[in-house]
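> Using only what follows, build the 3D model:
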Amino acid sequence: MHRLNEVCPLLVPQDSRRKRFCGFISVGGVEFRIRIELSPEDTNSLKNTRIDCEWRLAHLLRGSQEIIQKKLELCSNLASFLQEFKSLIEPLVSSRREFQKTTDMSFHAHLAGEINKIGWDRVKSVDASFSSIQLKAWDSRQRLHVLTVKIPKQYPAVALSCLADLPLAFEPHIPEDKDSYLSNLYSEFEYSLAQYEDFWDLFDELDEKTWIIEPEHRNRSSTMRRIAIGTNSSVQIDVDPINPRGIPECRFLGPDHVVSQVRQRMGETLELWNAQLSLFTNLQTLMGIDFPSPQVTNKEDFSMDCGICYAYRLDGKTPDKVCDNSRCGRFYHQACLYEWLRGLATCRQSFGTLFGECPYCEQPITIKMLG
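Numbers count the residues shown, from 1 in each chain. Sure, this is the predicted structure:
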């Protein structure tokens, strides 16, 4: 693989098996976009390799298909074929007037040099135009993290922009030496991962030992967990990623007669919070309960469908408004209940709150007006 980088440093593997490559081949100062796909069955032969070229290169190579196929059959590896391929293209480029002027290669050459510093094994993906690249990094727990970098054509004169799956905004320092901006960016990303490791450790324990109702698709940037604490009841916690062992913000969801005792007990025992213990242990201790375990219960036992639309998720949201009648306890989406109450002739409004009756038990129920 090292020799392939030397022959075509701008050709990037697109899969872990290194069967698909995409990028640029540079010949005579001209860069051509190219895509190569090796046959997954032929491990020792290139004869069934597929090569897709941009229109300029395809135009140059008209009538050369048999020669290319012969070179594929004779070459033992991709690097040696690409060397032969470039030798075939070079006289074609030099003989054409439109390629007499050398294309400015500073952008791609500079970018390839910076990626070499980081390591091509850290590249997860790169688009064909080199305008976006995804870099991989691992924290000390071997959790994979991805940094997406947007690369302007004016780079390095114009700074990069990036997106990282972190709980707080990633705002890297812009170095004075812009020639190493990408490698410095990656180093700062690795440093940021170390800052959040305790936060992720605490959330990983919650994810493993409790039923997480929300978010449905968890990622490393989320600072919220809604945890099932019983049938029709849950607690939503919001954790400070800078101080993950501090007391989180807690919001109890469920019938008041169910959650009021847990809420009251937690309020009375806050002084027992021990920052040396995990979120999981502290929450169970202060609430005086054992969280339902995924090892012995089913998530469906705690995932209540909306009593109006009969669905669990609506626009990504779960039912979190409940009737406080102990004989009812129906759950509703905020939006569903809001529209239902608005349609009642008996509904009344006061100070941003709608007052009406539960669709099932007809006992009083209220909801904040939606903005």
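
> Could I get the phi/psi values of E214?
Torsion angles at E214 (phi, psi; degrees, to the nearest 10) stand at phi -140, psi 150.

> sorry, that was for K70
For K70, the backbone dihedrals (degrees, to the nearest 10) come out as phi -60, psi -40.

> can you tell me the helix or strand for the closest residue to T269 other than its chain neighbours?
Distances taken as CB to CB, 6 or more residues apart in numbering put L286 closest to T269, at 4.8 Å, once the chain neighbours are dropped. Quick note: C-beta positions are derived from backbone N, CA and C, even for glycine. Assigned by DSSP states H and E, L286 belongs to helix 279-287.

> Which strands or helices does that helix pack on?
Counting by 3 or more CB pairs under 8 Å, 6 or more residues apart in numbering; DSSP states H and E, the packing neighbours recorded for helix 279-287 are helix 197-209, strand 233-238, helix 256-268.

> In a helix, C162, correct?
No: C162 is assigned strand when assessed by DSSP: H, G, I helix; E, B strand; the rest coil, not a helix.

> and it, bridged to which residues?
Residues found in beta-bridge contact with C162 (criterion: DSSP bridges) are V149.

> mind listing what it touches?
L147, T148, V149, K150, F170, P172, L185, F189 (CB atoms under 8 Å, 6 or more residues apart in numbering).

> between those, which is closest to G254?
Each of the contacts of C162 was scored against G254 by CB to CB, and F170 proved nearest at 36.1 Å.

> where are the low-confidence patches of the chain?
1-2, 97-106, 176-179, 300-303, 371 (pLDDT under 70).

> quick check: domain ranges of it?
Following the assignment in automatic domain parsing, the chain carries domains at 2-99, 106-195, 198-301, 321-368.

> Any chance of CSV for those, columns distance to D315?
Conversion of those to CSV gives the following (distance: least, CB to CB, whole Å):
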stretch, distance to D315
domain 2-99, 34
domain 106-195, 23
domain 198-301, 12
domain 321-368, 8
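
> and G307, which of those domains is closest to it?
G307 lies closest to domain 321-368 among the domains of the chain, at 3.9 Å (CB to CB).

> Work out the gap between that closest one and the centre of the chain.
Computed by CA atoms, centre = their mean, to the nearest Å, the chain-centroid distance of domain 321-368 equals 37 Å.

> With stretch 30-47 instead?
The gap between the average C-alpha position of stretch 30-47 and the chain average comes to 30 Å, counting by CA atoms, centre = their mean.

> Make 486 the first number, not 1, from now on.
Noted, 486 is the first residue going forward, which turns the last one into stretch 515-532.

> Now the terminal residues of that stretch, how far apart.
27 Å (CA to CA, to the nearest Å).

> Filter the contacts of C647 down to the buried ones.
Applying 16 or more other CB atoms under 10 Å to the contacts of C647, the neighbour count classes L632, V634, F655, P657, L670, F674 as buried.

> about what we covered before: just say which of the helices and strands packed on helix 764-772 is most tucked in.
Comparing the helices and strands packed on helix 764-772 by mean neighbour count (mean count of other CB atoms under 10 Å), strand 718-723 ranks first with a mean of 19.

> Kindly calculate the angle that the very next helix or strand once past it makes with strand 718-723.
Using DSSP H and E, the helix or strand that follows strand 718-723 in sequence is strand 734-738. Interaxial angle of strand 734-738 relative to strand 718-723 (axes from the mean of the first three to the mean of the last three CA atoms, to 10 degrees): 160 degrees.

> Strand 734-738 packs against which elements?
Packing partners of strand 734-738 (3+ CB pairs under 8 Å, 6+ apart): strand 718-723, helix 741-753.

> could you dump these to CSV with distance to I600?
Below are those laid out as CSV (distance: least, CB to CB, whole Å):
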stretch, distance to I600
strand 718-723, 38
helix 741-753, 50
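
> who touches stretch 738-749?
Outside stretch 738-749, the residues within contact range by CB under 8 Å, 6+ apart are 711, 714-715, 717-721, 737, 772-774, 805, 807-811, 814.

> That one: how far from the chain's middle?
The gap between where stretch 738-749 is centred and where its chain is centred comes out at 35 Å by CA atoms, centre = their mean.

> Ok, stretch 742-751 next?
Between the mean C-alpha location of stretch 742-751 and the chain-wide mean there is a distance of 36 Å, by CA atoms, centre = their mean.

> Repeat that for stretch 609-622.
Centre to centre, stretch against its chain (CA atoms, centre = their mean), the figure for stretch 609-622 is 14 Å.

> Now C507: phi and psi?
According to degrees, to the nearest 10, the main-chain angles of C507 amount to phi -150, psi 140.

> before we move on, what about L596?
Summarising the backbone geometry of L596 under the convention degrees, to the nearest 10, its torsions are phi -60, psi -40.

> ok, it - contacts?
Taking CB under 8 Å, 6+ apart as the definition of contact, the neighbours of L596 are F615, I636, Y640, L667.

> Out of those, grab the one that's most surrounded.
Counting neighbours by other CB atoms under 10 Å, L667 leads these with 24 neighbours.

> Can you tell me the SS state at the residue nearest to it when sequence neighbours are not counted?
Taking CB to CB, 6+ apart as the measure, L667 lies nearest to E599, with 4.1 Å between them; neighbours along the chain are not counted. Following three-state DSSP, we place E599 in the helix state.

> Any figure for the gap between L523 and S572?
Here the distance between L523 and S572 works out to 20 Å (CB to CB, to the nearest Å).

> what's around the nearest residue to T770 once chain neighbours are set aside, how many residues?
Beyond its immediate neighbours in the sequence, the residue positioned closest to T770 (CB to CB, 6+ apart) is L757, lying 6.2 Å away. For L757, the count of nearby residues is 11 (other CB under 10 Å).

> Hmm, L757 is touching M772, no?
No: checked against CB atoms under 8 Å, the pair L757 and M772 is beyond contact range at 10.9 Å.
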